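Visitor: Have a look at this prediction, sequence included:
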Amino acid sequence: MITRNSLTASLMTWALGALLIVWGGFAMLGYRTGIHEADELTDGHLASVALLELAEDFQAPEARGDLANTPGLSNLKSHDYQRSMSVVAWNAAGDVVMRTGKAPSVPFSEKEGFETLQLGSPPSAWRAFSRWEGPSHARKVTVLLDAAERDELAKDIAEQVAGPGFWLLPVVALALGFAIHRGLRPLYALSRAVDALDVHQPSPLQGPYSQQEFRAVVDSINTLAGRYQAAVARERELATELAHELRTPLASLTLQAWALRHSASDAERERLLSQLELDALRAGQVLSNLLSLARANRTDMLEARQVLDLDLLATAEVAQFGQSALDSQHELSLLSPGPFILTGHAVLLGLVLRNLIENALGHTPPGTRVEVQLDPQARWLQVCDSAASAPTRPDPAPYTAAASRSLGLGSGLRVVEKIAAIHGAHFGRVPPPPGFTCCYRLAFSLTAPKPD
């Protein structure tokens with residue numbers, strides 16, 4: 001079973017995951033900031049109350065007693081952030097002159113500032129701020145707040161700071177999902193256009209794909225569609241050529257076989273056998289060339305061009321035909337001034353050289369001079385031979401004119417023309433140089449193409 005992942009789902013997962021991590025970090029930071037600010041707020045309140053108490057003038061210790069149980073004050077705490085603070089005042093001798101609030105007894109101390117005291121039984125934490133009145137230290141005031149109440153306030157403030165972030169997260173997630181879906185609409189349109197392509201006759205994509213990220217994909221698809229159409233056209237042409245090229249030798253083979261069966265004399269039988277051999281050779285050569293055409297099509301579609309040295313390639317190909325030329329009594333040579341660097345398919349260019357050399361060796365009589373010539377400056381290669389022209393060329397069997405026509409050059413040259421088109425080159429017959437009678441040249445563009 002094949003699981004198909006959705007790009008939209010993947011983007012949503014990654015985006016929401018990243019958003020959740022960042023949002024969670026901000027929420028935690030907000031919570032800790034709320035705790036810290038609440039602590040600062042309560043400490044500020046403690047200090048403010050202490051200063052107010054020091055500013056109040058009272059002379060007699062009995063003027064103010066414990067106000068914790070004063071009637072009418074129990075219901076004054078009506079605000080969420082209002083806290084019950086306790087105040088203790090001492091004179092210079094350390095005697096309590098005033099005490100209010102629910103805090104337990106506080107031992108006298110000379111220290112000033114903020115501190116956390118453990119008071120009562122069992123002990124509990126109280127946040128306290130102490131301050132002496134002026135340099136004379138006439139009296140001291142300590143303001144206290146239950147640490148549990150202080151922490152409750154801090155927690156409440158922190159939740160108020162961080163809480164909206166969690167409520168907004170679903171809203172932001174929905175907005176982000178809509179934005180991602182809206183932003184991917186061109187991709188959905190491109191996917192539908194690709195799905196709608198006809199496999200047998202793909203047409204270029206014509207939609208307004210203006211996004212930079214899609215241009216390379218659209219151009220690649222259009223290039224592939226064009227190459228595919230060209231390949232299909234070439235395959236149809238190949239099938240037509242196959243049927244046309246093979247029809248004659250196959251029909252001749254059938255007729256020659258029938259005639260051989262009913263032949264009367266040994267001379268006629270020998271002639272028919274020779275014709276059968278030539279027809280079989282021609283059929284084999286046609287099939288070989290057509291297979292080479294198919295190979296060229298496949299190489300053009302699937303393999304990338306690369307930088308190569310045509311001089312080294314020609315040297316290797318000529319060396320492979322050395323024994324064949326010796327057996328057929330041909331003089332085979334290579335004329336090259338040195339490296340010939342170009343960009344192309346080494347397999348196909350090797351096929352060109354083999355085809356031209358085979359044609360030159362197979363369609364000229366013994367004693368013919370065959371030469372492969374390269375010119376890196378003019379950017380061409382050519383194969384020339386010194387065989388006599390048709391009116392004066394000797395006709396010893398089997399190199400008769402009829403035999404030459406029977407084997408034919410059509411499909412072989414068709415292979416070379418196809419490979420020349422792949423490399424943006426021109427192939428054709430050119431006037432031969434001195435000492436030769438026939439010459440076929442493959443001329444490349446003066447501007448070398450870049451590798452794929």
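Guide: Cool, the structure landed. For clarity, every value in this text was computed on a predicted model and none was experimentally measured. Numbering: from 1, shown residues only.
Visitor: tell me the domain boundaries of this protein?
Guide: 7-56+81-172, 212-302, 304-452 (automatic domain parsing).
Visitor: Can you tell me which of those is nearest to D198?
Guide: Nearest of the domains of the chain to D198, taken as CB to CB: domain 212-302 at 9.6 Å. The C-beta positions use only the backbone N, C-alpha and C, and glycine is treated the same way.
Visitor: still on that earlier bit, quick one: closest of the domains of the chain to A179.
Guide: Among those, domain 7-56+81-172 sits nearest to A179 (CB to CB), with 9.2 Å.
Visitor: Distance across that closest one, terminal residue to terminal residue?
Guide: Terminal residues of domain 7-56+81-172 lie 20 Å apart, using CA to CA, to the nearest Å.
Visitor: Least reliable of the domains of the chain by average pLDDT, please.
Guide: Lowest mean pLDDT within the domains of the chain: domain 212-302, at a mean of 73.
Visitor: chain center to that one, what's the gap?
Guide: Relative to its chain's centre, domain 212-302 lies at 40 Å (CA atoms, centre = their mean, to the nearest Å).
Visitor: Distance check, V161 against F26.
Guide: Distance of V161 to F26, given as CB to CB, to the nearest Å: 10 Å.
Visitor: Tell me which of those two has more neighbours.
Guide: V161 (19 against 13; other CB atoms under 10 Å).
Visitor: Contact partners for that one?
Guide: By CB atoms under 8 Å, 6 or more residues apart in numbering, the contact list for V161 reads 30-31, 33-34.
Visitor: sorry, back to before: just send the domains of the chain back as a markdown table, with distance to L187 too.
Guide: As requested, these are exported to a markdown table (distance: least, CB to CB, whole Å):
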| stretch | distance to L187 |
| --- | --- |
| domain 7-56+81-172 | 7 |
| domain 212-302 | 7 |
| domain 304-452 | 26 |
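Visitor: Between those, which one is closest to V194.
Guide: That would be domain 212-302 among the domains of the chain, by CB to CB, at 6.6 Å.
Visitor: dump the residue contacts of F321.
Guide: F321 neighbours (CB under 8 Å, 6+ apart): 332, 354, 357-358, 361.
Visitor: One more: M28?
Guide: A162.
Visitor: any idea how far the residue nearest to G120 when sequence neighbours are not counted is from L281?
Guide: The spatially closest residue to G120, leaving aside those adjacent along the chain, is P104, at 3.8 Å (CB to CB, 6 or more residues apart in numbering). P104 sits 121 Å away from L281, going by CB to CB.
Visitor: Count the residues that sit near S10.
Guide: Residues near S10, counting by other CB under 10 Å: 10.
Visitor: Confirm that it sits in a strand.
Guide: No. Going by DSSP: H, G, I helix; E, B strand; the rest coil, the assignment for S10 is helix, not a strand.
Visitor: Next one: it relative to L253, how far apart?
Guide: Counting by CB to CB - S10 and L253 are separated by 63 Å.
Visitor: wait, what's in contact with V88?
Guide: 96, 98-99, 103, 106, 141-142, 144.
Visitor: how does it look with 6 Å?
Guide: Taking CB atoms under 6 Å, 6 or more residues apart in numbering, we find V88 in contact with 99, 106, 142.
Visitor: What's opposite it in the beta bridge?
Guide: For V88, the beta-bridge partners under DSSP bridges are R99, T142.
Visitor: How much space separates it from R150?
Guide: 17 Å.
Visitor: Tell me where the stretch 251-400 of the chain has helices.
Guide: 266-302, 310-320, 322-327, 346-362 (DSSP state H, counting those that start in this stretch).
Visitor: related to what we said a few turns ago, for the contacts of V161, which two are the farthest from each other?
Guide: Across the contacts of V161 (CB to CB), the longest gap, 7.2 Å, separates Y31 and T33.
Visitor: Compare these two (neighbour count), which wins?
Guide: Y31 (19 against 15).
Visitor: so the more buried one touches A162, yeah?
Guide: Yes. Using CB atoms under 6 Å, Y31 is in contact with A162, at 4.4 Å.
Visitor: how distant is the strand or helix carrying W90 from the center of its chain?
Guide: Here W90, judged by DSSP states H and E, is contained in strand 85-91. Distance, stretch centre to chain centre, for strand 85-91: 74 Å (CA atoms, centre = their mean).
Visitor: now do stretch 353-362
Guide: On CA atoms, centre = their mean, the centre of stretch 353-362 falls 45 Å from the chain's centre.
Visitor: same deal with stretch 173-191?
Guide: 20 Å.
Visitor: Report the buried residues of that stretch.
Guide: Buried residues in stretch 173-191, counting neighbours by 16 or more other CB atoms under 10 Å, are found at 173, 187, 190.
Visitor: got the end-to-end distance for that stretch?
Guide: Distance between the two ends of stretch 173-191: 26 Å, counting by CA to CA.
Visitor: Residues in contact with that stretch: which ones?
Guide: Contacts for stretch 173-191 (CB under 6 Å, 6+ apart): 8, 11-12, 15-16, 211.
Visitor: now E417, nearest residue through space, not along the chain?
Guide: Per CB to CB, 6+ apart, closest to E417 is F427, 5.3 Å.
Visitor: Which pair of the contacts of F321 spans the longest distance?
Guide: Going by CB to CB, the pair spanning those furthest: L332 and R354, at 12.5 Å.
Visitor: So those two - more neighbours on which side?
Guide: With neighbours defined as other CB under 10 Å, L332 and R354 compare such that L332 has more, 22 against 17.
Visitor: Just give me the neighbour total for the residue nearest to the more buried one when sequence neighbours are not counted.
Guide: With sequence-adjacent residues excluded and distances taken as CB to CB, 6+ apart, L332 is closest to A325, at 3.7 Å. Burial of A325 is recorded as 18 neighbouring residues (other CB under 10 Å).
Visitor: do the same with F436
Guide: 19.
Visitor: Pretty sure it sits in a helix.
Guide: No. Looking at F436 with three-state DSSP, it is coil, so not inside a helix.
Visitor: shouldn't it be in contact with A387?
Guide: No. Contact criterion CB under 6 Å: F436 and A387 do not qualify, at 8.9 Å.
Visitor: most tightly surrounded among the helices of the stretch 251-400 of the chain?
Guide: Of all the helices of the stretch 251-400 of the chain, helix 346-362 has the most neighbours on average by mean count of other CB atoms under 10 Å, namely a mean of 21.
Visitor: What angle do helix 310-320 and that helix make with each other?
Guide: Interaxial angle, helix 346-362 versus helix 310-320 (axes from the mean of the first three to the mean of the last three CA atoms, to 10 degrees): 40 degrees.
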